[in-house]
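> Sharing a sequence plus its predicted fold:
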There are 2 protein chains.
Amino acid sequence: MKTVEVPLGDRSYPIYIGQGLLDQGELLQRHVPGKRVLIVTNETVAPLYLERCRAALTSGGSGLQVEAVILPDGEQYKSLDVLQKVWDKALESRLDRNSTFIALGGGVIGDMTGFAAAAYQRGVHFIQVPTTVMAMVDSSVGGKTGVNHPLGKNMIGAFYQPKVVLVDVDTLNSLPDRELASGISEIIKYGLIRDPALFEWLEANMERLLARDAEAMSYAIERSCINKAEVVSADEREGGVRATLNLGHTFGHAMEASQGYGVWLHGEAVAAGTVMAADMSLRLGWIEPSVASRATDLLKRAKLPTEPPKGMTQDDFRSFMAVDKKVLDGDLRLILLRGPLGNCVFTGNYDPAALDATLDNAVLC
Amino acid sequence: MKTVEVPLGDRSYPIYIGQGLLDQGELLQRHVPGKRVLIVTNETVAPLYLERCRAALTSGGSGLQVEAVILPDGEQYKSLDVLQKVWDKALESRLDRNSTFIALGGGVIGDMTGFAAAAYQRGVHFIQVPTTVMAMVDSSVGGKTGVNHPLGKNMIGAFYQPKVVLVDVDTLNSLPDRELASGISEIIKYGLIRDPALFEWLEANMERLLARDAEAMSYAIERSCINKAEVVSADEREGGVRATLNLGHTFGHAMEASQGYGVWLHGEAVAAGTVMAADMSLRLGWIEPSVASRATDLLKRAKLPTEPPKGMTQDDFRSFMAVDKKVLDGDLRLILLRGPLGNCVFTGNYDPAALDATLDNAVLC
C-alpha cells in the first residue's frame, strides 16, 4: 500500500492506494470518530461494493452502526433535489453531529456526499472511497464538493476535506471503458500543467493503463494524487495556482452544460476542452506546435473526444462560460499552456481574438 | 456609533451599532470587495428598507451593481426550496465568486442568506444588516447559517462569518410587538447564562426596552453582542462553551417543530423552553428557587409565553429532541442553569428522572 499525505494543517489527511484495501476494515475504522456511519452510493456501485464496504466497517466487532442511501447514477442527478435524499436519510436515521458520511462511488457521489457532509448539522465527518479513476485522481482529493445548478456546473457547494481517501484499485476492474478513459483525461492534465515526466510516462504506458494493469494504474494514481496534493496544499481555496487544475474545464463545462449533464462524461468534455485550450495557447504563440499535437495525440490514444459535440455554437460556449466560477468582476480568466511541456498560466490577460479564433475553429470542426 | 469586534483570527469582523447607520453608505461600501452585490430580503422588509439599502450601496458614485431578491416572510419559508431562489437569482444575474450577498431582515433572512453565500460558488462575501432584535443580538453574530428540514430546525447549513454586521436601531421602530419580545427573550438568555449584571439591568429597564427607547435598546444590543462575541471567539464551531447559548433551545426547537415552523416565533419558543430548563435545573437541585422564579417573571414581563403550546405531548418533545444537534452518540446533552444567577452547564450527565418530571409538568400545564 502506498500513502500520499495531503498537508493541510489541522485538515491534513492520508490517501491510501493499493489492491484489496476495501477488505481491510481497520483502514476505514481508524478514521471513524463516532459510532454512526452513512454510506452514500449509487445504483451501479451498490450491487458491487456496498456490502463489502459495510462489512469492512463492522468487521472485528467494531460496533459501528451503518446506514446506506442509494442514489440514481449519473451527472444529471448531481442536483440539490437528489442531494436532499441524503439529508432525509440522515435525519430519518437520527444521525448526529459526530456521524461519518462515506462516499462510495465516482466523482458525482464524492462531490455530493462531501457537500451533504459539509452542510448536515453544519458539518459531520467525511470519508472518500472512490471507485472510478476520475474520483481517485481528481475529485476525491482537495475538498471541492457540491452539486450542479441548471445554469452552471458545481455552482452550489463547499470546500470540505475528508478524513481519509481509500483507493482500492481492484474496484477499477468493474469500470466501463468510457469511465476509464474519462479519468485518464485528468491524469494527462497533470502531465500537461506541471509534470512533464508523467506526461512522457503516459506516452510510453498508455496501453498498460487502458488494459487496467494494476501496477501501472497504482503508479499513475499515486503520481496524480501527489501532484494534486501539492497544488491543493499550496492553495486550498483556489486563490491562484489551484485554478490551474482546471485546464480545459471552462470549455469542457460549457460542453457539458449545453448538452445537459450526463450526455458526455466529465473527462470527455475536459479532453475536448484541453484541445481547445492548447489550440488557443498555440494561437497566442505561447507553446510550440509539438506541445499541442502531443496533447491531442495522447488524448486520442486514450480514446477521448478531441472536438466539441456536433451542433454546439459559439453562443453556447459564450453564455455558459460567462457564469464560470473563474470569471472575476466580469473578466473570464483561463488556464492556458505557456512555455515548454508541463507549464501553464492562469490569466485573464490574453488577446481576445485568440479566444474568438479558437471558438470559431472548434465549432466548425 | 458603538463598535463591537468579534475576534476570530482572519475571520474577525466588526458589529456597528447606532441610529441612522443605514443612511451612511460608506459603512457598507468599505466592506464590499468586488463590484456586484445581491441584497436578500423579504416581502415585509423590502418596502421599508430595500431602497434605502440600495441607495447606501450606490451613494457617492460607488459604481456598485446591486441586485435584489425578495423572499416570502416567515420561519415556514426557511427551507431549501426557498433558498434556491437566491441561487437562481445570483446565477441569472451572473454574479461571480467576488460578489457580496447582503442579508437585510430578521434571523430567517440572515441564516438563509449566510448559507446561500457559504455555498454559492463554494463561498462569496457576506454582510448582515439585521432589522429585528433577534437578528441583532443573536443570529447575525457568530456565523451560524442554514435552513430547516421538515425533521429538524437548522439541520442544513454552515459556519460562515460575515464581513460586517450593521445594526441600525432605528429599523426597530417598524418591528411588531411580538417580534420585539421574541428578541428580548435572547437578551434575557445572556443574563441567565453568563451576565448577571445584564439580567439585573433588564429587571430594572424592561419597560424602556418594550417602549423601544433607543438608548436602552442600543445598550442591551451592545451588551448582548459582547457576550455572544466572547463566547463565539472562544468556541467558533461549538465544541463546548458555545453550546450554552442554546439555553432553552432544545425544548424550544421541539415546540417549534411540532407545531410547524412559523406558528410560534423562535424567541417565544425559547422563552417557554428556558422556563423548562430552569424547572429541570431546580429539580436537579442545581439552582435556588429564586433563580427559576426571577427568570420566569422577567420572561412574563417581556410578554413572552412561559408554557409549551397546548396539546403538545411528551412524545412530541422526545421525538424532536432525539434529532437535536446536541445529541452525541445517542445521549441528549442539555444546557441547564447551575449555581448562582448567571451560571450554566452543558451536560449529558444528569438524572433522567428530572427530565421526565419536567416534561410531565410542562405538558400538564
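The structure has been received and is ready for your questions. Numbering: from 1, shown residues only, chains lettered A, B, ... in the order given.

> Domain parsing of chain A, as residue ranges.
A:2-174, A:177-363 (automatic domain parsing).

> nearest to residue B:316, of the ones you listed?
Nearest to residue B:316 among these is domain A:2-174 (15.7 Å), distances taken as C-beta to C-beta. For the C-beta atoms, the positions are set from N, CA and C on the backbone; glycine is no exception.

> That closest one vs chain B: in contact?
Yes. Domain A:2-174 lies within reach of chain B by C-beta under 8 Å from any C-beta of the partner chain, at A:34-36, A:80, A:84, A:87-88, A:91-92, A:94, A:96-98, A:115, A:118-123, A:144-146, A:149, A:151-152, A:154-159.

> Pull out the buried residues from those residues.
A:34-36, A:80, A:87, A:91, A:94, A:96-98, A:115, A:118-123, A:144-146, A:149, A:151-152, A:154-159 (16 or more other C-beta atoms under 10 Å in any protein chain shown).

> Which parts of chain A are helices?
A:25-29, A:51-58, A:80-92, A:107-119, A:133-134, A:177-194, A:196-210, A:214-234, A:249-259, A:266-283, A:289-301, A:314-321, A:352-364 (DSSP state H).

> could those helices be laid out in TSV, adding distance to residue A:327 and mean pLDDT?
Listed next are the helices of chain A as TSV, based on distance: least, C-beta to C-beta, whole Å; pLDDT from 0 to 100:
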stretch	distance to residue A:327	mean pLDDT
helix A:25-29	40	96
helix A:51-58	39	97
helix A:80-92	22	97
helix A:107-119	21	97
helix A:133-134	25	96
helix A:177-194	20	97
helix A:196-210	29	98
helix A:214-234	21	95
helix A:249-259	9	91
helix A:266-283	16	97
helix A:289-301	25	98
helix A:314-321	8	91
helix A:352-364	13	93
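
> Which residues of the stretch 151-300 of chain A lie near chain B?
A:151, A:152, A:154, A:155, A:156, A:157, A:158, A:159, A:237.

> which residue sits closest to the spatially most central residue of chain A, ignoring its sequence neighbours?
Most central in chain A under C-alpha atoms, centre = their mean is residue A:139, positioned 2.9 Å from the mean C-alpha point. Nearest non-adjacent residue to residue A:139, counting by C-beta to C-beta, 6 or more residues apart in numbering or on different chains: residue A:107, 3.7 Å away.

> wait, doesn't the one you found sit right on residue A:266?
Yes. If you go by C-beta atoms under 8 Å, residue A:107 and residue A:266 touch, sitting 6.5 Å apart.

> excluding its backbone neighbours, what's nearest the residue of the stretch 101-250 of chain A found nearest chain B?
Closest residue of the stretch 101-250 of chain A to chain B, C-beta to the nearest C-beta: residue A:151 (4.0 Å). Once flanking residues are discounted, residue A:151 sits nearest to residue B:91: 4.0 Å by C-beta to C-beta, 6+ apart.

> Please name the residues that touch the one you found.
A:149, A:151, A:152, A:155, A:323 (C-beta atoms under 8 Å, 6 or more residues apart in numbering or on different chains).

> Which of the residues you listed fall within strands?
Using DSSP state E, the subset of the contacts of residue B:91 located in strands is A:149, A:152, A:155.

> need the contact list for the first one.
Neighbour list for residue A:149: A:80, A:155, A:156, B:87, B:88, B:91 [criterion: C-beta under 8 Å, 6+ apart].

> can you pull up the bridge partners for the third one?
Looking back up the chat, that one is residue A:156. residue A:147, residue B:120 (DSSP bridges).

> I'd say it and residue B:123 touch.
No. In this structure residue A:156 lies outside contact range of residue B:123 using C-beta under 8 Å: 10.9 Å.

> gap between the residue in chain A sticking out farthest from the centre and chain B?
Distance from the centre of chain A peaks at residue A:61, with 34.2 Å (C-alpha atoms, centre = their mean). Computed with C-beta to the nearest C-beta, to the nearest Å, the distance linking residue A:61 and chain B is 17 Å.

> Thanks a lot, see you next time.
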